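S.K.: Next come a sequence and a model predicted from it.
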Amino acid sequence: MRTPLPTIYNRYERLRYEILNNPGIDAQSLPYLSAVVRESLRLAMANPTRLPRIVPSGGLHIPGLPTIPAGTSVGLGAYVLHHDPDVFPQPYEFMPERWLDCMPEMLRNSMPFGMGSRQCIARNLASAVVWWTAEALVRADVLKGARSVGEDIAIMEWFNAKVVAGKIELHW
């Protein structure tokens, strides 16, 4: 389901108002900008598919579940966590407002740069760049009047998402 254009424009104006009325404030401390970035990373994570791991000798024992035998390929992708309707109602909708009153489950299910010892080593740098870039784009008002075409994105095993048409174009 697609978000109606008036809603998108209202969100953009709210974001622009917050940024323009807080000059000199660190971008990561702006609540609505942070919500927009978190929601963007939820829907467009760097690696949407699972990165497989092999269960070591002795198997994997999780309380309340059957033992997973050694040698079994396991993994959980961010796509599954980021689109869990129990945690993110209307999971395919861009709804940054959900992050303004963030529940612990949302943070638990959010892993746009991976998790644990194998998460992206540059996640802090990448996050800062995303925040600064979003702030700069809004300040420059380059997105005003833009509309997206060619929106279909397919999840390609194993590592990346791919735009079906090869690109996403913005027209003014």
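M.R.: Structure's in. What do you need?
S.K.: where does the residue nearest to residue 100 when sequence neighbours are not counted land on pLDDT?
M.R.: Distances taken as Cβ to Cβ, 6 or more residues apart in numbering place residue 35 nearest to residue 100, at 5.3 Å, with adjacent residues excluded. Using the backbone N, CA and C atoms, a C-beta is placed for each residue, glycine as well. Per-residue pLDDT puts residue 35 at 97.
S.K.: so what's residue 35 up against?
M.R.: 96-100 (Cβ atoms under 8 Å, 6 or more residues apart in numbering).
S.K.: any idea which of these is closest to residue 89?
M.R.: residue 98 (7.8 Å; Cβ to Cβ).
S.K.: mind listing the strands for the chain?
M.R.: Here the chain has its strands, by DSSP state E, at 53-54, 73-74, 147-149, 153-155, 161-163, 169-171.
S.K.: what sits up against the first one?
M.R.: So that's strand 53-54. 71-75.
S.K.: where in this structure is pLDDT low?
M.R.: Low-confidence segments of the chain (pLDDT under 70): 1-6, 147-172.
S.K.: now with 90?
M.R.: Applying pLDDT under 90 to the chain flags the ranges 1-10, 23-27, 43-53, 62, 65, 74-80, 92-93, 112-120, 142-172.
S.K.: Most distant residue from the centre of it?
M.R.: Distance from the C-alpha centroid of the chain peaks at residue 58, with 34.9 Å (Cα atoms, centre = their mean).
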